[in-house]
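**Student:** everything below, folded, please.
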Amino acid sequence: MSPLKTDFRNLYEVDYLQWIETTVEKLRNQDYSSVDWENLIEEIEDMGRSERRSLESNLIVVILHLLKWQFQPEHRSGSWEGSIVEHRRRIKKVIKESPSLKPYLESIFAESYTEAVKQAKAETGLALATFPQECPYNLADVIDDEFLPN
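**Tutor:** Residues are numbered from 1 along each chain as shown. This is a model prediction of the structure:
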């Protein structure tokens, strides 16, 4: 491997931002033979995983607060509702920017509900049996700005 390629590959390990800026410059200049393709491909794959993790995390938070809203009405607060609004906004933004993630959102819905129930149990002190085994809301309701369970 040439010293230039070695230095550039090492750059990924020692100065990530500089590596990004150098990679972008190489791509803009169509200097494809000098691009650190291995790390670039890995970074692009990581971006996709990160988007999915973020979407799942936001979905769990919305379901969690809907459960708390429904099963602890005496503790309802503006912060719960604010959290629901904020995380719905995040979900919608990701889906708007990457519509191909909508089927993924649907595929993780049941698992996200299970995770939200575990967290709701921990945060509320309510028995696990308090919460339905299957999600009492559908995905459309969960991301609907007007929906709050009674």
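
**Student:** and the residue nearest the centre of this protein?
**Tutor:** residue 54 (1.0 Å; Cα atoms, centre = their mean).

**Student:** and the residue lying closest to it once chain neighbours are set aside, which helix or strand is it part of?
**Tutor:** Among residues not flanking residue 54 along the chain, residue 94 sits closest, at 6.7 Å (Cβ to Cβ, 6 or more residues apart in numbering). Glycine gets a C-beta too; all of them are placed from N, C-alpha and C. Secondary structure assignment for residue 94, by DSSP states H and E: helix 78-97.

**Student:** need the residues that contact that helix.
**Tutor:** Defining contact as Cβ atoms under 8 Å, 6 or more residues apart in numbering, one finds that helix 78-97 is touched by 51, 54-55, 58-59, 61-62, 65-66, 68-69, 101-102, 105, 142-145, 148.

**Student:** now do the biggest helix by length in the chain against helix 78-97, angle only.
**Tutor:** Using DSSP state H to define each element, the chain has its longest helix at helix 37-71. Counting by axes from the mean of the first three to the mean of the last three Cα atoms, to 10 degrees, helix 37-71 lies at 140 degrees to helix 78-97.

**Student:** work out the gap between helix 37-71 and the centre of the chain.
**Tutor:** 2 Å (Cα atoms, centre = their mean, to the nearest Å).
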